[in-house]
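Engineer: Below are the sequence and a predicted model; questions follow.
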Amino acid sequence: MKKSNTQPLKDVINEYVNALKKNPKIKENIIVGSWGKVVGKIAKNATKNIYIKDRKLIVFIQSSIIRSELLMIKDVIISRLNEEVGTNMIDDIILK
């Protein structure tokens, strides 16, 4: 017997993935994973640790030169990371 509420598997998977993207922890992981894409390979390689706490992205950078460069474009980085998740998840970046 065929049920009347059947859906294609593709639609069910898309609904599930969209539901996961609404989860704040998933969005935080997307932001952390997008760090290298947004700042580039050199800055990504200089990054020792990165995490989110209280809507602030805390990033530990090994190179003081790269840290200074990233400080100058901090607002651009924030907007690009927020674009990756489609909402404002990051208010500030703290570079250490």
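Structural biologist: Happy to help now that I have it.
Engineer: show me where the protein has strands.
Structural biologist: Listed from the start of the chain, the chain has strands (DSSP state E) covering 47-53, 56-61, 92-95.
Engineer: looking at those strands, which is closest to Asn18?
Structural biologist: When the strands of the chain are compared by Cβ to Cβ, strand 47-53 sits nearest Asn18, at 21.5 Å. (C-beta placed from N, C-alpha, C; glycine too.)
Engineer: Neighbouring strands - and their directions - for the closest one?
Structural biologist: Take DSSP bridges as the rule and strand 47-53 pairs in its sheet with strand 56-61 (antiparallel).
Engineer: chain center to the strand it pairs with, what's the gap?
Structural biologist: The gap between where strand 56-61 is centred and where its chain is centred comes out at 12 Å by Cα atoms, centre = their mean, to the nearest Å.
Engineer: and for that strand, what are the contacting residues?
Structural biologist: Residues outside strand 56-61 that contact it (Cβ atoms under 8 Å, 6 or more residues apart in numbering): 31, 35, 43, 46-52, 67, 70, 78, 81, 90-96.
Engineer: any idea how far Lys74 lies from Ser68?
Structural biologist: Distance check for Lys74 against Ser68: by Cβ to Cβ, to the nearest Å, it reads 11 Å.
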